[in-house]
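1. Sequence below, structure please.
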Amino acid sequence: MMMALAFLPVHLAPAGFEIINVGMSGQLEALYQYFQQEWLPAPKIPLWNVHGMSVRTNNHLEGWHSRMNKRARKHYLGFYQFFELILDEQGKTKTAVRQIDDGYTHGRGSVRRSAAYGVQQRRVAALT
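-> Modelled structure (predicted):
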């Protein structure tokens, strides 16, 4: 239940924590005390809270990293090989941004998601 706190608005996270903390004992009590001391102070809540965020994972970053590794074709590139790879990626990204700005969203740079993801996204949005 503690993981659900990340989906509450920032200002409601402490109250949500108090609700789920009622009656805790034993090892769970120690975990809850740790969480309260380390992660519940007001300045730290925005670090782990994902309320209102459309991207809640780093899958997009993992995909980019995987694509770059495949294009590099080896574990270590020399400086100039790496530089050429980055320049090529920058050019492709610039083209994708231009396409999105022009209203063309079905090419590289657009995000295609399954219907199930859309349903899940709407359910999360309705609850938050």
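
2. after the lengthiest helix in the chain comes which helix or strand?
-> Counting residues, the longest helix found in the chain (DSSP state H) is helix 79-101. Next in sequence after helix 79-101, counting helices and strands by DSSP states H and E, comes helix 115-127.

3. Off-centre distance for that following helix?
-> Taking Cα atoms, centre = their mean, to the nearest Å, one finds helix 115-127 lying 16 Å from the centre of the chain it belongs to.

4. Now do the buried residues in that helix.
-> For helix 115-127, the neighbour count (16 or more other Cβ atoms under 10 Å) marks no residue as buried. Where you see a C-beta, it was placed from the backbone N, CA and C, and this is true even at glycine.

5. just checking, what packs against that helix?
-> Helices and strands touching helix 115-127, by 3 or more Cβ pairs under 8 Å, 6 or more residues apart in numbering; DSSP states H and E: there are none.

6. What mean pLDDT does it get?
-> Helix 115-127 shows a mean pLDDT of 81.

7. and Leu61, what pLDDT?
-> pLDDT, read off for Leu61, is 87.
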